[in-house]
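Asker: Just need the structure, nothing else, for what follows:
(chains A, B, C and D)
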Protein chains: 4
Amino acid sequence: MCRWLAYSGSPVLIEEVLYKPQHSLIDQSLHARLGVDTTNGDGFGLGWYGANAGTPAVFHSIEPAWNDRNLREVAGSVHSPLFLAHIRASTDTAVQQTNCHPFRHGRWLWVHNGLVREFPRLKRELALAVDESLYASIEGSTDSELLFYLALTFGLEDDPPGAVERMVGHVEEVGAGLGTEHPIQMTIGTTDGRSVWAFRYSSEGKSRSLYYSTDVSALRELYPDRPRLREVSDEARIIVSEPLGDLPGVWNEVPESSYGIVQEGEDELRPFRPVYSRNGGERYSHFKA
Amino acid sequence: MCRWLAYSGSPVLIEEVLYKPQHSLIDQSLHARLGVDTTNGDGFGLGWYGANAGTPAVFHSIEPAWNDRNLREVAGSVHSPLFLAHIRASTDTAVQQTNCHPFRHGRWLWVHNGLVREFPRLKRELALAVDESLYASIEGSTDSELLFYLALTFGLEDDPPGAVERMVGHVEEVGAGLGTEHPIQMTIGTTDGRSVWAFRYSSEGKSRSLYYSTDVSALRELYPDRPRLREVSDEARIIVSEPLGDLPGVWNEVPESSYGIVQEGEDELRPFRPVYSRNGGERYSHFKA
Amino acid sequence: MCRWLAYSGSPVLIEEVLYKPQHSLIDQSLHARLGVDTTNGDGFGLGWYGANAGTPAVFHSIEPAWNDRNLREVAGSVHSPLFLAHIRASTDTAVQQTNCHPFRHGRWLWVHNGLVREFPRLKRELALAVDESLYASIEGSTDSELLFYLALTFGLEDDPPGAVERMVGHVEEVGAGLGTEHPIQMTIGTTDGRSVWAFRYSSEGKSRSLYYSTDVSALRELYPDRPRLREVSDEARIIVSEPLGDLPGVWNEVPESSYGIVQEGEDELRPFRPVYSRNGGERYSHFKA
Amino acid sequence: MCRWLAYSGSPVLIEEVLYKPQHSLIDQSLHARLGVDTTNGDGFGLGWYGANAGTPAVFHSIEPAWNDRNLREVAGSVHSPLFLAHIRASTDTAVQQTNCHPFRHGRWLWVHNGLVREFPRLKRELALAVDESLYASIEGSTDSELLFYLALTFGLEDDPPGAVERMVGHVEEVGAGLGTEHPIQMTIGTTDGRSVWAFRYSSEGKSRSLYYSTDVSALRELYPDRPRLREVSDEARIIVSEPLGDLPGVWNEVPESSYGIVQEGEDELRPFRPVYSRNGGERYSHFKA
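Answerer: Next up is the predicted model:
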């Protein structure tokens, strides 16, 4: 089990979101409340964009987030309008920086909570489906990173929801072919520095938790006395594996088998359906896109 | 909160004691059951003696014990008749190898669970009491290591119980002088490679938990069908912050304000009383002992 | 042997100074050219100020700088008008984050290249001279950090050159008292976020190398075709243990037993003379300053 | 560039071989003399067998060997009749434990000095040739580990020299097919806990250096006064990337394109010739061996 967080809105000092809330992500590294494991101590990562989007910076560490001084320093000195953070609970793969989320490819970041079941059995066939030009960029050994490279192969940079639907359809098909029951369990966050896409899906229809924050203007009406809410821009939005606090009306569950888009203009929430190659999801050509 | 373990007996593969029990110390690094914190993920250490006592080897790491591959390799390949292991939960001092227990001085090892209250206020006066010849050997920044060097100053190598009683008396006096209520909370394990001394004490009389295993021959009678018990020598003994399993009759609590000695011949359990300088505990001379 | 660098001027992307020069500090971590050791691989640190001075951020790592990905990410995404960087070559003290420079106290940063000779013998007496209110803030075990806390004790925050002169005088006296020949060897950089002070001194009068960059407007006349020089503000200045390149006229040696101040207005270069307590350098009161 | 060492003989305290020689492997981590780079500071590894061969233990670290305290402790307390050690100088792949040599599979260990040229271009095709049952065991991202899994695929466990010759032939063919000049450069050490095989080869015929020690009984005649030589068994042998000292007559170069076997009975030195699939090196079946 892992936990992740995405922030998009007016630039904030990262620690305001990462450390200050009552039940912050850093607190969740020691005391997660939803899910099986309470400890997410097998490394963490932070990826953030500067004022002008572009390539994000990433900071990865194999030490637990709760006592990491460098994370506290970076979070306490960098302002960003869009960032993803992730705390990891590894079961089988090595605790190493290249297995820490967010993974980065060009301007894109990717975080994942969940797993590919029987990954050692499925790994090779999944890796073969990664575009040849991308294969050597895989640096770590996790299922999560491989899902990212599959999504890139299936067109993430041009059509994020479609690419993730094709990626999931492919994993379902490979799993079915090798006799793996319920091959995929996931919440996924991905961004190009402008919009954020957040997916919640699992083969068995019982997906890991995922929440998004209520519109800030609505929150201001609910809580007129909270100074922190006054400083944040109207379009600020947080997506997170589990709520950062207990304030009623703030946190909404992303429904089972659906995805949300945080973007300029109206945000959206839509159903998520895996796309299988047999019904039209033929291999997306990475180069011709 | 921390957890520690001491084993003394016929040589065993360390992993038999450290990893194999139902609720092993490594399991306690993620899921401790007694005490406030359930996670002890801020580094760990293992110190072990070879066949002929002598200087012990120590292995320290700042990563959580539960996923540390090197610890698993060392524990899976080294046999030892006497070893101490410790998993750490830091609150304020840095997560670094020099703050990992067991601390070593010559043939001696030392582990501690607990704290010196208001340590930043008391630290300087305590450090000044450390023998001049030992001061520069202090490598880390913890209260635990400072207690070790104070105990060495007060004669640990010649009279372990007396030295720890004088050390605790000194900490009580320094705390009282600076207005700190209940200055010390501790369970301590220390060994010279032949005997093990285990102390349980706190200023407030509510000390951290500490257990020792029942005599193996008694266990054999209780559980005639357990093959593992047949292989262990009669004098084998484990001392541990919390029991390694739920088998009835195996684990006995070290009473409040007392200490045990695991040694050749009969083991002993005795009351522990701090010795104050005003009633005869004058400064022990490190060199003249 | 260590190497360090200080930059003060118009805000730059840190990597422009830290990675881009021909013989950059990061290159010096593998291939230093002046001094005995060519490798400075025992950790590193970076401390930087934001636009409005205030408390600087620090990033410390125990891994070699040359392959550290997090350092590259931070240096590639943070702009700063004033920063200090340090690469470490340890001889005796532990490789741990609390032994990495720059050390920080409030708004102050401190880097040191050199050593206190026979430090284990002198350490206790030097530590006792640290102001009681500062003692517990010492986190590591190096001579360098202790020199910082001594300088703070002797008034660094109010009179940096005077405090360093008193600190050095004190070390000379302690060394003389304990029979240590040539007790101190140093180049030191320190800053409050506004000015930078750089000291070069050693008991034996053969101090480690230290250089400062020529005034940028002079450089522009020398090299009218270099675009990088056009972007940098007139008052930009770099101080560094060894030159970042071979361009003639760029690098000037800080003379033996002297110090420089990079500040608003004219920079200065002055002689450095230890101040001894016997001729007027009585203990500076940290609190009454 | 990397450096490695293999010891086979009567059981010795590992530090006797790893730390004590004049120009030891640990010294070479800071001051290598042969080859382009003088620093091998990107992690290290040690793999050792117990008295009864079986599965070896491995210890990997991402920190430089020269200051690693845990390595010193393990080497100073473990006796072994056969061990491999490796110090790493990474160029492109991540510094992480799963990229540290020796790599282990069952009872086998593997170390490599050299590279696969244009590895990112060749990686996918090479990985596809790894036996399906082995693919998911690849944990790191180096060329060295991939060569190991290819050798296992080509029958390392049954016919080590033949398997390495087929593996090299395959890499030559893949390189030729993708237009890479001189695809492979290598010295390789591998062992099953009983014999050690050491290979020296490169596409261009200018391979990295490799040495083996002279027979101990011959050395005893040469140097009758050396006590250390008296303690070592007659069949003790060291293979190493560069000599551990300057004593004349001790170190012999492994010739270009050849391999040696250290084994019970007479050791051997033979020519090494890549085996290509077109002249009989058809894919070795991992399962039917």
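Asker: correct me, but A:Asn99 touches A:Ser141?
Answerer: Yes: using Cβ atoms under 8 Å, A:Asn99 makes contact with A:Ser141 at a distance of 6.3 Å. For glycine as for every other residue, the C-beta is placed from the backbone atoms N, C-alpha and C.
Asker: Identify the contacts common to those two.
Answerer: Here A:Asn99 and A:Ser141 have A:Thr93 as joint contacts, going by Cβ atoms under 8 Å, 6 or more residues apart in numbering or on different chains.
Asker: Quick one: end-to-end length of stretch A:232-240, please.
Answerer: With Cα to Cα, to the nearest Å as the measure, stretch A:232-240 spans 18 Å from end to end.
Asker: Ok, stretch A:26-39 next?
Answerer: 11 Å.
Asker: what about A:Asn99 and A:Ser141, which has more around it?
Answerer: Between A:Asn99 and A:Ser141, counted using other Cβ atoms under 10 Å in any protein chain shown, A:Asn99 has the larger neighbour count: 25 against 22.
Asker: Could you report the neighbour count for the residue nearest to that one when sequence neighbours are not counted?
Answerer: Nearest in space to A:Asn99, with sequence neighbours left out and distances taken as Cβ to Cβ, 6 or more residues apart in numbering or on different chains, is A:Gly140 at 4.2 Å. Residues lying near A:Gly140 (other Cβ under 10 Å) number 23.
Asker: List the contacts of A:Gly140.
Answerer: A:Gly140 sits next to A:Thr93, A:Gln96, A:Thr98, A:Asn99, A:Cys100, A:Phe103, D:Ser141 when contact means Cβ under 8 Å, 6+ apart.
Asker: Please identify which helix or strand holds it.
Answerer: For A:Gly140, there is no host helix or strand (DSSP states H and E).
Asker: A:Ser80 - nearest residue in space that isn't next to it in sequence?
Answerer: Here the residue nearest A:Ser80, using Cβ to Cβ, 6+ apart, is A:Trp48, at 4.1 Å.
Asker: tell me the pLDDT at the one you found?
Answerer: The model reports A:Trp48 with a pLDDT of 98.
Asker: From A:Arg208, how far off is the one residue sitting closest to the centre of chain A?
Answerer: The residue lying closest to the centre of chain A (Cα atoms, centre = their mean) is A:Gly189, at 2.6 Å. Plainly put, A:Gly189 is 12 Å away from A:Arg208 if you go by Cβ to Cβ, to the nearest Å.
Asker: And for A:Ser137?
Answerer: As defined by Cβ to Cβ, A:Ser137 lies at a distance of 27 Å from A:Arg208.
Asker: if you count what's nearby, which of the two comes out ahead?
Answerer: Set side by side, A:Ser137 and A:Arg208 show more neighbours around A:Arg208, with 21 against 17, by other Cβ under 10 Å.
Asker: what's the more buried one in contact with, if anything?
Answerer: Going by Cβ under 8 Å, 6+ apart, A:Arg208 touches A:Met1, A:Gly35, A:Asn113, A:Gly114, A:Gln185, A:Met186, A:Thr187, A:Arg200, A:Ser202, A:Ser241.
Asker: so is A:Ala6 in a helix, a strand, or just coil?
Answerer: strand (DSSP: H, G, I helix; E, B strand; the rest coil).
Asker: Make sure A:Val171 is indeed in a helix.
Answerer: Yes: assignment of A:Val171 by three-state DSSP places it within a helix.
Asker: Leaving out chain neighbours, which residue sits closest to it?
Answerer: Leaving out its chain neighbours, the residue that sits closest to A:Val171 by Cβ to Cβ, 6+ apart is A:Ile184, at 4.8 Å.
Asker: re the thing from before, quick check, the residue nearest to the centre of chain A in a helix?
Answerer: No: secondary structure assignment (three-state DSSP) places A:Gly189 in strand, not in a helix.
Asker: for the closest residue to A:Trp108 other than its chain neighbours, what are its contacts?
Answerer: Counting by Cβ to Cβ, 6+ apart, A:Trp108 lies nearest to A:Asp192, which is 5.6 Å off, once chain neighbours are set aside. Neighbour list for A:Asp192: A:Ala53, A:Arg107, A:Trp108, A:Glu157, A:Pro160 [criterion: Cβ under 8 Å, 6+ apart].
Asker: Also A:Leu152?
Answerer: A:His105, A:Trp108, A:Asp131, A:Leu134, A:Ala163, A:His286.
Asker: about what we covered before: let's have the contacts of A:Asp192 in JSON lines, adding neighbour count and secondary structure.
Answerer: Below are the contacts of A:Asp192 laid out as JSON lines (neighbours: other Cβ atoms under 10 Å in any protein chain shown; DSSP: H, G, I helix; E, B strand; the rest coil):
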{"residue": "A:Ala53", "neighbour count": "14", "secondary structure": "strand"}
{"residue": "A:Arg107", "neighbour count": "15", "secondary structure": "coil"}
{"residue": "A:Trp108", "neighbour count": "21", "secondary structure": "strand"}
{"residue": "A:Glu157", "neighbour count": "15", "secondary structure": "coil"}
{"residue": "A:Pro160", "neighbour count": "22", "secondary structure": "helix"}
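Asker: Going by distance to A:Pro64, which of those wins?
Answerer: Here the nearest of the contacts of A:Asp192 to A:Pro64, counting by Cβ to Cβ, is A:Trp108; it sits at 26.6 Å.
Asker: Distance check, that closest one against chain B.
Answerer: From A:Trp108 over to chain B the distance is 28 Å, taken as Cβ to the nearest Cβ, to the nearest Å.
Asker: same thing with A:Ser209?
Answerer: 21 Å.
Asker: same question, A:Asn252
Answerer: From A:Asn252 over to chain B (counting by Cβ to the nearest Cβ), the distance is 30 Å.
Asker: for that residue, helix, strand, or coil?
Answerer: Under three-state DSSP, the three-state class of A:Asn252 is strand.
Asker: The residue nearest to it when sequence neighbours are not counted bridge partners, please.
Answerer: Distances taken as Cβ to Cβ, 6+ apart place A:Tyr212 nearest to A:Asn252, at 5.6 Å, with adjacent residues excluded. Using DSSP bridges, the bridge partners assigned to A:Tyr212 are A:Ile239, A:Asn252.
Asker: For A:Tyr212, give me its contacts.
Answerer: Neighbours of A:Tyr212 in contact, by Cβ under 8 Å, 6+ apart: A:Ala198, A:Arg237, A:Ile238, A:Ile239, A:Val240, A:Trp251, A:Asn252, A:Val254, A:Gly260, A:Val262.
Asker: Surely the fourth one and A:Ala6 touch.
Answerer: Yes: the pair formed by A:Ile239 and A:Ala6 meets the contact definition of Cβ under 8 Å, at 4.5 Å.
Asker: more neighbours, these two?
Answerer: Legend: neighbour count by other Cβ under 10 Å for A:Ile239 and A:Ala6, higher for A:Ala6 (26 against 22).
Asker: Contacts only, for the more buried one.
Answerer: Residues counted as contacts of A:Ala6 (Cβ under 8 Å, 6+ apart) are A:Leu82, A:Phe83, A:Leu84, A:Val111, A:Gly189, A:Thr191, A:Val196, A:Ala198, A:Ile238, A:Ile239, A:Val240, A:Val262.
Asker: can you redo those residues as TSV with distance to A:Thr39 and pLDDT?
Answerer: As requested, those are exported to TSV (distance: Cβ to Cβ, whole Å; pLDDT from 0 to 100):
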residue	distance to A:Thr39	pLDDT
A:Leu82	28	97
A:Phe83	23	97
A:Leu84	21	98
A:Val111	18	98
A:Gly189	21	98
A:Thr191	27	98
A:Val196	27	97
A:Ala198	24	98
A:Ile238	23	94
A:Ile239	22	96
A:Val240	18	95
A:Val262	29	95
